[in-house]
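Asker: sequence unknown, structure follows:
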């Protein structure tokens with residue numbers, strides 16, 4: 001496992017996740033048991049036309065023939081997905097350890113600080129709703145900056161942490177269960193959430209409705225056009241059929257936002273992170289998520305990618321080209 005995974009206990013989480021996924025597979029078909037899943041149309045445009053790109057852990061990953069969105073099909077029904085967040089699986093227990101690790105808190109803190117630096121001038125105060133707020137770190141930072149904050153989180157252990165550690169309000173509900181009035185919030189956020197939604201278009205309609213005029217929707221999600229995904233394909237950790245149901249590119253993310261009412265000129269999509277060591281390991285015919293090794297790289301290439309300043313330039317260029325590991329977004333109503 002990579003140094004980052006070990007520092008965040010991600011190695012334990014990912015191993016447990018894969019082991020539990022294996023138990024869902026029917027040995028007769030090599031696919032997830034048919035009674036657990038249902039076939040669907042495209043999650044964005046509802047087209048029934050799709051092509052299966054690959055199968056992983058018993059799930060088919062398909063690309064829509066109309067809008068190009070990549071999604072899991074068939075997939076768990078909504079009830080099974082919701083129940084997963086409070087089931088007895090060890091994956092969710094280890095997920096909590098992963099997200100509450102010091103290293104993850106540090107990385108997320110830098111991300112949230114970057115968002116607030118962009119938001120503070122236009123929206124210096126107001127109400128924040130963080131959907132899938134996890135342990136409440138973003139809400140805590142917003143609270144400290146003077147915002148009125150509230151979170152939604154289905155995982156009970158994470159919700160309790162947010163309330164007890166950071167003193168923020170957390171509801172154990174889905175957005176459609178909250179009955180918020182129109183124009184209720186200045187900022188609505190989803191960090192690592194939109195890719196989990198079984199009905200992203202339906203949820204985004206509600207997000208747009210509850211945003212005040214001039215309010216913003218912000219967040220981050222995996223980038224299916226990242227260099228990691230384009231090189232590793234199904235070997236990328238991004239692809240997990242039980243947890244990640246949608247795989248957005250900048251194009252399909254903009255399509256979704258425009259579909260619910262955001263104007264394209266008011267949508268900013270950026271890139272963050274690179275997954276550099278996964279790629280470097282893979283280039284050397286090594287486990288992309290194993291210990292970070294560079295001894296088999298060509299000497300001149302190794303000299304550049306291991307040099308901090310040169311490596312930084314490469315990362316900046318990757319993000320400029322839209323092939324960074326994650327997509328960041330700010331959409332203004």
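Answerer: Perfect, thanks for sending it. Please read these numbers as outputs of a predicted model, since none were measured by experiment.
Asker: Same question for stretch 242-252: list its buried residues.
Answerer: Residues of stretch 242-252 classed as buried by neighbour count (16 or more other CB atoms under 10 Å): 242, 243, 244, 245, 246, 247, 248, 249, 250, 252. To be clear about C-beta, it is placed using only N, CA and C from the backbone, and glycine gets the same treatment.
Asker: Assign the second one to one of the three secondary structure states.
Answerer: So that's residue 243. Three-state assignment for residue 243 (DSSP: H, G, I helix; E, B strand; the rest coil): coil.
Asker: Among the buried residues of stretch 242-252, which pair sits farthest apart?
Answerer: Every pair in these was compared (CB to CB); the two farthest apart turn out to be 242 and 250, at 25.3 Å.
Asker: Check the offset of the longest helix anywhere in the chain from the chain's centre.
Answerer: Across the chain, the longest stretch assigned as helix under DSSP state H is helix 102-119. In terms of CA atoms, centre = their mean, to the nearest Å, the centre of helix 102-119 is found 15 Å from the chain centre.
Asker: Each with direction, which strands does the helix or strand just after that helix pair with?
Answerer: Scanning forward in sequence from helix 102-119, with DSSP states H and E defining helices and strands, the next element found is strand 127-131. When sheet partners are counted by DSSP bridges, strand 127-131 sits next to strand 148-152 (parallel), strand 185-191 (parallel).
Asker: Strand 127-131 versus helix 102-119: what angle between them?
Answerer: Relative orientation of strand 127-131 versus helix 102-119 (axes from the mean of the first three to the mean of the last three CA atoms, to 10 degrees): 140 degrees.
Asker: Tell me the helix or strand right after strand 127-131.
Answerer: On the C-terminal side of strand 127-131, the nearest following helix or strand under DSSP H and E is helix 137-144.
Asker: per-residue confidence averaged over that following helix?
Answerer: Model confidence over helix 137-144 averages 97 on the pLDDT scale.
Asker: Now do that helix: distance to the chain's middle.
Answerer: Averaged over its C-alpha atoms, helix 137-144 has a centre that lies 19 Å from its chain's centre (CA atoms, centre = their mean).
Asker: Between helix 102-119 and that helix, find me the angle.
Answerer: Note on geometry: by the same axes, to 10 degrees, helix 137-144 and helix 102-119 are set 50 degrees apart in direction.
Asker: hang on, residue 42 is in a strand, isn't it?
Answerer: No - under three-state DSSP, residue 42 sits outside any strand and is assigned coil.
Asker: Now it: closest residue in space, sequence neighbours ignored.
Answerer: For residue 42, the nearest residue in space outside its immediate sequence neighbours is residue 64; the separation is 4.0 Å by CB to CB, 6 or more residues apart in numbering.
Asker: List the contacts of residue 120.
Answerer: Under the criterion of CB atoms under 8 Å, 6 or more residues apart in numbering, the neighbours of residue 120 are residue 145.
Asker: same question, residue 109
Answerer: So, once contact is read as CB under 8 Å, 6+ apart, residue 109 ends up touching 137, 141.
Asker: where does this structure have its least confident helix or strand?
Answerer: Of all regular secondary-structure elements in the chain, judged by mean pLDDT, DSSP states H and E, the least confident is helix 3-8 with a mean of 45.
Asker: Can you tell me, leaving aside adjacent residues, what's nearest to the residue nearest the centre of the chain?
Answerer: Note on the chain: the residue nearest the mean C-alpha position is residue 192, at 2.9 Å, using CA atoms, centre = their mean. Setting aside the residues directly before and after it, residue 192 is nearest to residue 220 in space (CB to CB, 6+ apart), at 6.2 Å.
Asker: now do residue 213
Answerer: Once flanking residues are discounted, residue 213 sits nearest to residue 333: 5.9 Å by CB to CB, 6+ apart.
Asker: unless I'm mixing things up, the one you found is touching residue 209, no?
Answerer: No - taking CB atoms under 8 Å as the definition, residue 333 is not a contact partner of residue 209, at 9.6 Å.
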